[in-house]
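K.L.:
turn this into a model:
(one chain, ligands or ions: 1)
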Amino acid sequence: MPSTPRTIGVISGGSGSSKFISAIESYSPKDQIEPIYIANVGDNFWRFGVYICPDIDIITFTLAGILNSSRGWGVLNDSRNFLSMYSRLRKEPEWFSLGDADLAVSVYRTEMLRAGLTLEETTERISSSLGISRRIAPATNDDVETQILTSEGKMHLQDFWVRLRGEPEATGIEYLGIEAAKPAYSFLSSLSGSVLILPANPLSSIMPTISIPGITDKLRNSKVVAISPFLGGAAFSGPAPKFMRAQGLECSSYGVAKLYSDFLKIFLVDSSEDSSTTNKIKDLGIECIRTNIKIENEFDKEAVVKEILRLI
Ligand code: FO1
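P.N.:
Sure, this is the predicted structure:
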């Protein structure tokens, strides 16, 4: 008799997680595993009169096979007609590079939200129109905004990272609206079995999801496996080291393990990590497994997914 696939909550970020999402889709048996991808909403913001959700879109485009994977965001081979006319009208270059197809997604999402759908329903409509059968859910339907405290004042993550290219000194990070946020329905239902946390910026992509009230309690009772976003002292992508330093955390797999130590059961770190790092992680009460987490080809993808499946 065919068995029902096991649901796995996959807590994802943006660019750093997309290779792992495509690996899971290529190499996990569909009859055994049903991932539900949970997207960070802290990066969401309003621009050009539309609601842009970078991490939801990165997951959506990855699953639809249309992500511009060399950049890590946006639609492959997208045109730039909107941006060039917009910049011409404003007589200044635009700092947020939204392609035409990408803009269409945000326009459609904004229309649906204005018609009264939740962000979760809107995400579901977009993914089904793009032929995706997997469930993608925002962590919450409520507004949560990642704000960076900097030497130039408090600002939205997109202002810090894209407009100012991450240049100001970061001194802290806050998730505006988090206390009142409720987890989205699919997020809660994805936490019933094992949970996988993909490599992503721990403070700006994972913690805005995990800090939603009630989530850490759930995670404490789940089998939570995470993949480190650090290779030694270097992050896979993005401003992770800046934010880790700002929060007084070590810029390493150990620093991330410490941040997740309240609920993390198993941590996958790269095979290049030394035993002093893995021992320190084990001392936090976390099982630490060294394996190749650098995805460079199909062989690496298959091997890492095999290891994940073995653990969850
Ligand atoms: N990141 C950039 O560094 N520059 C951009 O111009 C840019 C445009 C962009 C458009 C749509 C989208 O979904 C994402 C986009 N990103 C861009 C990536 C993104 O805003 C950030 O890297 C993440 O939010 C940080 O996790």
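K.L.:
before we move on, which element is the residue lying closest to Pro202 once chain neighbours are set aside in?
P.N.:
Once flanking residues are discounted, Pro202 sits nearest to Val256: 5.0 Å by Cβ to Cβ, 6 or more residues apart in numbering. (Glycine included, C-beta is placed from N, CA and C.) Per DSSP states H and E: Val256 is located in helix 253-260.
K.L.:
pLDDT on that helix, on average?
P.N.:
For helix 253-260, the mean pLDDT works out to 97.
K.L.:
show me where the stretch 51-200 of the chain dips below the pLDDT cut-off.
P.N.:
Along the stretch 51-200 of the chain, no part satisfies pLDDT under 70.
K.L.:
flag every residue of it that's near the ligand.
P.N.:
52, 54, 57, 73-74, 96-98, 102, 158, 161-162 (Cβ under 6 Å from any ligand atom).
K.L.:
show me the contacts for the closest residue to Cys53 other than its chain neighbours.
P.N.:
Spatial nearest neighbour of Cys53, excluding adjacent residues (Cβ to Cβ, 6+ apart): Asn44 at 4.7 Å. By Cβ atoms under 8 Å, 6 or more residues apart in numbering, the residues touching Asn44 are 51-54, 56, 145.
K.L.:
which residue ranges of the stretch 201-312 of the chain form strands?
P.N.:
Ranges of strands in the stretch 201-312 of the chain, per DSSP state E, counting those that start in this stretch, are 223-227, 230-231, 234-235, 266-270, 287-291.
K.L.:
tell me which of these lies nearest to the ligand.
P.N.:
Proximity to the ligand (Cβ to the nearest ligand atom) singles out strand 234-235 among the strands of the stretch 201-312 of the chain, at 11.7 Å.
K.L.:
just checking, what packs against that closest one?
P.N.:
Using 3 or more Cβ pairs under 8 Å, 6 or more residues apart in numbering; DSSP states H and E, no helix or strand is in contact with strand 234-235.
K.L.:
returning to what we had before: by mean pLDDT, show me the worst of the strands of the stretch 201-312 of the chain.
P.N.:
strand 234-235 has the lowest average pLDDT among those, namely a mean of 75.
K.L.:
show me how far that strand is from its chain's centre.
P.N.:
The chain centre lies 16 Å from the centre of strand 234-235; the measure is Cα atoms, centre = their mean, to the nearest Å.
K.L.:
near the ligand at all, it?
P.N.:
No: interface with the ligand: strand 234-235 contributes nothing (Cβ under 6 Å from any ligand atom), its closest point being 11.7 Å away.
K.L.:
give the partner strands of that strand in its sheet and their orientations.
P.N.:
When pairing is defined by DSSP bridges, strand 234-235 lines up against strand 230-231 (antiparallel).
K.L.:
with that, I have no additional questions.
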